[in-house]
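Student: Build me a model from this:
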Amino acid sequence: MGSVVITGGPADQTVMEGQPVTFTVMQAGGATFQWKRNGTNIPGETNYVFRIPTVTQAYNTNLFSVAIANTNGTVTSTNATLFVLPDTVGPQLVGAVLNTASGNITVSFSEPLNAASAQTLANYRVTNTLGQVRSITSATLVNQTNVVLASPGIPAARYTIVVSNVRDASTGNNVIRTNSAVVAGYDLDIVSMGGNWKYNDSDTDLGTDWRSAGYSDADWASGPALLGAKRGTVPANMPEPLRTTITLSNNTADIPAVYFRTAFTAFKAPSAELTFSTLVDDGAVIYLNGVEVRRIGMPVGTINFTTLASRTAGDTPALEGPFTDIVTNLVDGVNVIEVEVHQAALDSSDIYWAGQFAISIKPVVLPPPPTNGTTCSAIAWAYPQLKIASLTTNSVRLSWSENPITNAAPCNQRAVLTVQYATTLTNGATSGNWVDLGTNNPMTNVFSTTNLSNPTNIARFFRFKKAN
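Tutor: The predicted structure is shown next:
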């Protein structure tokens, strides 16, 4: 082996404070490496590449070199100078994710943060679409750029996180722009491959009504997947064990299709990613809240109860997916995945269904708030649409569209609304014995016989009260 020969590097570098930097060297014949800072060995840095994950001002104009050795001796490179530009820009929000299982919202920032400011509760405000403030019990800095906001028992909803006074970890301790805001995303595992499904194997054509989220499946049977039936012995090498046996035949002919439903709680969002894998024999059509998402092994055109699958899955159907489809019809509250599984032939020997589904709603970073002393305009009144629907003879449901944005961008603040009712009016809607009902949307059974002392022949009037 000959002597070590250095053919290039390390080179001078200029980086912004808080960013990473990497030094490399081009050489031949080296067996060991030792990087140096200002002529002193850097402990543990014995690779041919040297990386500083986060550069601080303390590194400015420092000299870096590397000693490369083999059995014939040691050669030290020339010095590379690191120039560090001061960070003069405050941190920015890059995302937020809600996790209802852990009761946390994780807020992500563009750069390492000052721990004291990042963990100050008063620097965060979490509100839902009604403007209601969600309590936060702790703020914990994780991996320098993420803050975990704890809110035990937080339900699935669309939350806006407003951040002020959080500073970066640079020498200048730059502050985030006041009232920076992000709408949290949401990741939810809806059902596992062995999860529960409601099913209808009654050999009855249910038309299309069964696909709607509001359809009553209370009298359907339920059980864990894999759900299915086999004329003969179920193959031992099935990807999932048969956990629930359903009906294959009505004793005179095989059932052409079986219906499945599973419900989950989420919130309305402009769009979301529905990701799923399936185990199906023979074909299936998958819906979300009555809107078709995907066909697997099914023909084009209108699908009805007697439509046959366009393929035969064989004795041992395969796991398929994962598939990811964009959906735009999530609603606040209960959502339903509906599936119809079809046979390829009316003398088929088996039918199977299992599916693993998850939903992901991406976070939305809102436009930056105004600077240079600009203030938000006063909140002006706007009218959402209030709807009323009869549930039973003595109860109703009240619902309304999302609370309106009531001043201009970039503030985009929303009104906080309380629904009130009265049984008599004087001088129009401005006077009367108005009673607060609350802010939950929708409100159900608000006028059942249990909360009206004399429910017969009473007129009821409703209005919104704006709290801000």
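
Student: buried ones in stretch 347-359?
Tutor: By neighbour count on 16 or more other Cβ atoms under 10 Å, the buried set for stretch 347-359 is S348, D350, I351, Y352, W353, A354, G355, Q356, F357, A358, I359. All C-beta spots, glycine's among them, are computed from the backbone N, C-alpha and C.

Student: which non-adjacent residue is nearest I255?
Tutor: With sequence-adjacent residues excluded and distances taken as Cβ to Cβ, 6 or more residues apart in numbering, I255 is closest to D203, at 4.6 Å.

Student: for the one you found, what are its contacts?
Tutor: For D203, the contacting residues are T247, N250, I255, by Cβ atoms under 8 Å, 6 or more residues apart in numbering.

Student: where along this structure do the helices fall?
Tutor: Secondary structure of the chain (DSSP state H): helices at 115-118.

Student: returning to that earlier point: how close does the residue nearest to I255 get to N251?
Tutor: 10 Å (Cβ to Cβ, to the nearest Å).

Student: Now do stretch 283-292: distance to the chain's middle.
Tutor: 21 Å (Cα atoms, centre = their mean, to the nearest Å).

Student: With stretch 169-177 instead?
Tutor: For stretch 169-177, the distance to the chain centre is 29 Å (Cα atoms, centre = their mean).

Student: Quote the end-to-end distance of that stretch.
Tutor: 15 Å (Cα to Cα, to the nearest Å).

Student: quick one: average pLDDT of that stretch?
Tutor: Mean pLDDT, computed over stretch 169-177, is 92.

Student: Tell me the buried residues in that stretch?
Tutor: Applying 16+ other Cβ under 10 Å to stretch 169-177 flags A169, S170, N174, I176, R177 as buried.

Student: is it true that the first one touches A116?
Tutor: No: because the distance of 10.4 Å does not satisfy Cβ atoms under 8 Å, A169 is recorded as not touching A116.

Student: Show me the shaky parts of the stretch 201-350 of the chain.
Tutor: 252 (pLDDT under 70).

Student: Okay, strands next: where are they in it?
Tutor: Counting by DSSP state E, counting those that start in this stretch, the stretch 201-350 of the chain has strands at residues 221-224, 227-230, 244-245, 257-266, 272-281, 283-288, 291-296, 319-327, 333-342, 350-361.

Student: name the helices or strands packed onto the fifth one?
Tutor: Contact analysis of strand 272-281 by 3 or more Cβ pairs under 8 Å, 6 or more residues apart in numbering; DSSP states H and E lists strand 283-288, strand 291-296, strand 319-327, strand 350-361 as its packing neighbours.

Student: The fourth one now?
Tutor: Applying 3+ Cβ pairs under 8 Å, 6+ apart, we find strand 257-266 packed against strand 185-191, strand 196-200, strand 333-342, strand 350-361.

Student: Quickly run through the sheet partners of the third one, with directions.
Tutor: By that I understand strand 333-342. With DSSP bridges as the test, strand 333-342 is paired with strand 257-266 (antiparallel), strand 283-288 (antiparallel).

Student: Buried ones in the first one, by neighbour count?
Tutor: Meaning strand 257-266. In strand 257-266, counting by 16+ other Cβ under 10 Å, buried: A257, V258, Y259, F260, R261, T262, F264, A266.

Student: for these, which one is nearest T160?
Tutor: A266 (16.8 Å; Cβ to Cβ).

Student: From P155, how far out is the closest one?
Tutor: 11 Å.

Student: Check the burial of the nearest residue to S164 once chain neighbours are set aside by counting its neighbours.
Tutor: Excluding the flanking residues, the one nearest S164 by Cβ to Cβ, 6+ apart is T178, at 4.7 Å. Each residue near T178 was counted by other Cβ atoms under 10 Å, and the total is 13.

Student: Now do T178 against A169, distance only.
Tutor: From T178 to A169 the distance is 19 Å (Cβ to Cβ).

Student: sorry, back to before: taking the buried residues of stretch 169-177, tell me the two that lie furthest apart.
Tutor: Most distant of the buried residues of stretch 169-177, by Cβ to Cβ, are A169 and R177, 17.2 Å apart.

Student: buried residues in stretch 323-331?
Tutor: V327, N329, L330.

Student: you'd agree the last one is up against E273?
Tutor: To tie it back to what came earlier, the one meant is L330. No: contact criterion Cβ under 8 Å: L330 and E273 do not qualify, at 11.0 Å.

Student: joint contacts of the two?
Tutor: I359, I361.

Student: Identify the residues contacting the residue of the chain most remote from its centre.
Tutor: Within the chain, N72 marks the point farthest from the mean C-alpha position, 58.8 Å out by Cα atoms, centre = their mean. Contacts were defined as Cβ under 8 Å, 6+ apart; by that measure N72 touches M1, G2, S3, V4, G29.

Student: how many other residues sit next to G44?
Tutor: That count, for G44 with other Cβ under 10 Å as the rule, works out to 8.

Student: Phi, psi for it please.
Tutor: The phi and psi values for G44, taken as degrees, to the nearest 10, are phi 80, psi -10.

Student: any idea what sits nearest G297, other than its immediate chain neighbours?
Tutor: G283 (3.3 Å).

Student: The one you found touches T312, doesn't it?
Tutor: No: contact criterion Cβ under 8 Å: G283 and T312 do not qualify, at 9.3 Å.

Student: Of these two, which one has the most company?
Tutor: G283 (24 against 15).

Student: Redo the helices and strands packed on strand 257-266 as TSV? Include distance to S151.
Tutor: Formatted as TSV, those follow (distance: least, Cβ to Cβ, whole Å):
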stretch	distance to S151
strand 185-191	14
strand 196-200	28
strand 333-342	19
strand 350-361	17
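
Student: contacting residues around the nearest residue to A269 once chain neighbours are set aside?
Tutor: On the basis of Cβ to Cβ, 6+ apart, the spatially nearest residue to A269 that is not a chain neighbour turns out to be I361, at 4.5 Å. If you count contacts by Cβ under 8 Å, 6+ apart, I361 has them with G185, Y186, D187, A266, F267, A269, S271, A272, E273, L330.

Student: before we move on, the earlier item: if we take the buried residues of strand 257-266, which one ends up nearest to T56?
Tutor: Once Cβ to Cβ is applied, the member of those that ends up nearest T56 is A266, at 42.8 Å.

Student: Contacts only, for that closest one.
Tutor: Here A266 is in contact with A156, Y186, L188, A272, L330, V331, D332, N335, I359, I361 (Cβ under 8 Å, 6+ apart).

Student: tell me which residues form a beta bridge with it?
Tutor: G333.

Student: Roughly how far does it sit from R158?
Tutor: Taking Cβ to Cβ, one finds A266 at 10 Å from R158.

Student: Over to Q144?
Tutor: The value you get for Q144 to R158, if Cβ to Cβ is used, is 28 Å.

Student: between those two, who's got more neighbours?
Tutor: Set Q144 next to R158 and count neighbours by other Cβ under 10 Å: R158 wins out with 21 against 17.

Student: I'd guessed that one sits against G131; true?
Tutor: No: with contact defined as Cβ under 8 Å, R158 does not reach G131; the gap is 11.9 Å.

Student: Quickly list what's touching both of A266 and R158.
Tutor: Contacts common to A266 and R158, judged by Cβ under 8 Å, 6+ apart, are D332.

Student: follow-up on the earlier one: just the closest of the buried residues of strand 257-266 to T306, please.
Tutor: Looking across those and measuring by Cβ to Cβ, the closest to T306 is A257, at 7.5 Å.
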